[in-house]
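Colleague: Okay, here's the prediction I keep looking at, along with the sequence it came from:
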Amino acid sequence: LLPRLAELCEQKGDGQTRVLAAECLHASITYLIGKSAHDPRNGSQKRDPPMMPVWRRLFPTIVALAVDAEAVTRKLFHELLFQLIRWFSNVRTHEQEQQALLASLGDGIAEEGGRSAVRELCASGMAE
């Protein structure tokens, strides 16, 4: 479900479909954060957490949607991105997720030929 929602959000096309997919993706990510808050790992950092492939796929999508041309999508994901940055930076049991988020922000800053809005957003996120 999440990869399809992310794909719908990133597509060019029907604005209403993109906004609805973005709202559903936002709600799903909020649910995942809540679920991970109640499922802290007991110091077992040796293997990838079960949600790591999902986070690796979603973090770049969140960054892209945070600078989207659609105002509703941009507002939802800009706020969500900074909430995620604050959440993962204050939780000690999610180090791998923190690294994946930082990698996405770093990729956004270093993106060649990318939009300046993405670079500015990622730099602000790193500064946060």
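Modeller: Thanks, I have it. Numbers count the residues shown, from 1 in each chain.

Colleague: Look at G43 and report its pLDDT.
Modeller: Looking at G43, its pLDDT is 45.

Colleague: How about residues contacting stretch 108-115?
Modeller: Under the contact criterion CB atoms under 8 Å, 6 or more residues apart in numbering, stretch 108-115 has outside partners P60, V63, V67, V118, R119, L121, C122, A123, G125, M126. (Each C-beta comes from the backbone N, C-alpha and C, glycine too.)

Colleague: which phi and psi does A22 have?
Modeller: phi -70, psi -40 (degrees, to the nearest 10).

Colleague: actually H94, not the one I typed
Modeller: Torsion angles, degrees, to the nearest 10, at H94: phi -120, psi 50.

Colleague: can you check P50 too?
Modeller: According to degrees, to the nearest 10, P50 has phi -60, psi -30.

Colleague: How much space separates it from S36?
Modeller: According to CB to CB, to the nearest Å, P50 and S36 sit 10 Å apart.

Colleague: Between the two, which has more neighbouring residues?
Modeller: S36 (20 against 9; other CB atoms under 10 Å).

Colleague: from what I can see the more buried one touches M52, true?
Modeller: No: S36 is beyond contact range of M52, at 11.0 Å (criterion: CB atoms under 8 Å).

Colleague: Which residues are in contact with each of the two?
Modeller: E97.

Colleague: Could you check which helix or strand contains L58?
Modeller: Assigned by DSSP states H and E, L58 belongs to helix 52-65.

Colleague: Can you point out the buried residues in the helix or strand following that helix?
Modeller: Reading on from helix 52-65 to the C-terminus, the next helix or strand found by DSSP H and E is helix 71-90. Along helix 71-90, these residues count as buried under the neighbour rule (16 or more other CB atoms under 10 Å): T73, R74, L76, F77, H78, L80, L81, L84, I85, W87, F88.

Colleague: Name all residues that make contact with the fourth one.
Modeller: Same thing as F77. Counting by CB under 8 Å, 6+ apart, F77 touches A22, H26, I62, L65, A66, D68.

Colleague: What distance do you get for it to P50?
Modeller: 24 Å.

Colleague: next one: the second one
Modeller: Using CB to CB, one gets 30 Å for the distance from R74 to P50.
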